[in-house]
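Visitor: Task: produce atomic coordinates for the following.
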Amino acid sequence: MRQAICRLGKRLVRRGFVSGSAGNISIRIPDGYLMTPTGAALDRLCCDDLSHVAANGTHVAGSPPTKEAALHRAVYEARETANAVIHTHSTHTVAVTLLPELGDGDALPPLTPYYVMRVGRAPIVPYAPPGDPALAEAVGRRAAESRAILLAHHGPVVAGNSLDDAADVLAELEETARLYLLVRGAPFRMLDAASVDALRVRPSGKGG
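Guide: Numbers count the residues shown, from 1 in each chain. So this is what the prediction gives:
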C-alpha cells in the first residue's frame with residue numbers, strides 16, 4: 001500500500017495534476033489511515049516517511065501528516081465506501097471554481113457520459129485557508145452525497161474505493177473542467193436530463 005501511494009504520487013506529477021509540494025494522498029487501513037507527509041513532493045515520496053494516522057486523527061508513526069489530514073478524515077467519515085482520497089491543485093479544476101456563473105451544487109454541466117458515471121456531481125465549497133477546520137467541516141457535509149468536491153480557489157478532493165478508482169475520478173474531473181473551459185462562451189450541447197438519469201443508475205463508474 002505504501003508503494004502504491006508512492007507510485008500514484010509520481011503519476012500525478014507526470015500528468016501535471018500537482019507541482020512542487022502541492023497535493024496529498026491517503027488510504028484507509030484497518031487501524032486508521034496512511035497519508036502523505038506535510039510539505040512532501042509527490043514524485044519524491046519515501047515509503048517509510050508516509051504518515052500513519054489513527055482514526056481519531058492522532059499521529060501514530062512516520063513523518064507528520066499533511067496539513068489537510070482533517071479534510072481527508074472528513075471524507076472517510078462521510079463515505080463508508082471510500083478507501084482512498086486524493087487532493088490536488090489541478091489547473092483546469094481550480095480554474096472553474098473561479099468562474100462566477102457556476103453554481104455551488106454542481107460546478108460542471110453533464111458534457112460526457114463518463115463525467116456523469118465516474119464523477120456524478122462536483123459541488124463547490126466556499127473558500128477557507130488550507131488546513132482550516134472550517135474547510136474540513138464543509139467538505140464533510142458535501143462528501144456524503146458527492147465523491148468529488150471542489151475547494152474554491154484551491155483544488156479538487158476526490159474519493160474512491162481504491163487508489164486507482166480515485167485517480168480515475170480525478171482524471172475525469174480535470175478533463176471535464178478542461179472541456180468546459182474550451183467551450184465556455186460559445187453555444188454547446190449538454191446531455192439531456194433523461195440521458196443523465198439513465199447513466200446515474202448504471203453501476204459503471206460507481207465507487208468510493
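
Visitor: Point out where this structure drops to low pLDDT.
Guide: By pLDDT under 70, the weakly predicted segments of the chain are 103, 202-208.

Visitor: my guess is Pro178 is in a strand, correct?
Guide: No, residue 178 isn't Pro; it's Arg. No - according to DSSP: H, G, I helix; E, B strand; the rest coil, the state of Arg178 is helix, so it is not within a strand.

Visitor: got a list of what it touches?
Guide: Taking C-beta atoms under 8 Å, 6 or more residues apart in numbering, we find Arg178 in contact with His92. Glycine gets a C-beta too; all of them are placed from N, C-alpha and C.

Visitor: separation between it and Ser19?
Guide: Distance of Arg178 to Ser19, computed by C-beta to C-beta, to the nearest Å: 17 Å.

Visitor: Next: Pro123.
Guide: Taking C-beta to C-beta as the measure, Pro123 falls 25 Å from Ser19.

Visitor: Between these two, point out the one with more neighbours.
Guide: Neighbour count, other C-beta atoms under 10 Å: between Pro123 and Ser19, Pro123 has more, with 19 against 15.

Visitor: hang on, that one packs against Arg141?
Guide: No - using C-beta atoms under 8 Å as the test, Pro123 is too far from Arg141 to be in contact (9.5 Å).

Visitor: Between the two, which contacts overlap?
Guide: Shared contacts of Pro123 and Arg141, defined by C-beta under 8 Å, 6+ apart, are absent.

Visitor: Burial check on the residue lying closest to Pro123 once chain neighbours are set aside, number of neighbours?
Guide: In space, and not counting its chain neighbours, Pro123 is closest to Arg142: 5.1 Å by C-beta to C-beta, 6 or more residues apart in numbering. When neighbours are counted by other C-beta under 10 Å, Arg142 registers 22.

Visitor: which residue sits farthest out from the middle of this structure?
Guide: In terms of distance from the mean C-alpha position of the chain, Pro187 ranks first, at 29.1 Å (C-alpha atoms, centre = their mean).

Visitor: Check the gap between that one and Tyr115 for me.
Guide: Distance, Pro187 to Tyr115, by C-beta to C-beta: 19 Å.

Visitor: go on, Gly57?
Guide: From Gly57 over to Tyr115 the distance is 33 Å, taken as C-beta to C-beta.

Visitor: How about Asp48?
Guide: To Tyr115, Asp48 is 38 Å away according to C-beta to C-beta.

Visitor: Show me where the chain has its strands.
Guide: 24-29, 32-35, 51-53, 59-61, 84-87, 124-125, 148-151, 155-160 (DSSP state E).

Visitor: now for these, which one comes closest to Glu101?
Guide: Of all those, strand 124-125 sits nearest to Glu101, with 11.9 Å by C-beta to C-beta.

Visitor: Now tell me what touches the closest one from outside.
Guide: Applying C-beta under 8 Å, 6+ apart, the contact partners of strand 124-125 are 97, 102-104, 107, 135, 138-139, 142, 149-152.

Visitor: Run through the bridge partners of the residue lying closest to Ser63 once chain neighbours are set aside.
Guide: Closest residue to Ser63 apart from its sequence neighbours, by C-beta to C-beta, 6+ apart: Pro37 at 3.6 Å. Per DSSP bridges, the residues bridged to Pro37 are Pro65.

Visitor: Report how many residues lie close to Pro37.
Guide: When neighbours are counted by other C-beta under 10 Å, Pro37 registers 17.
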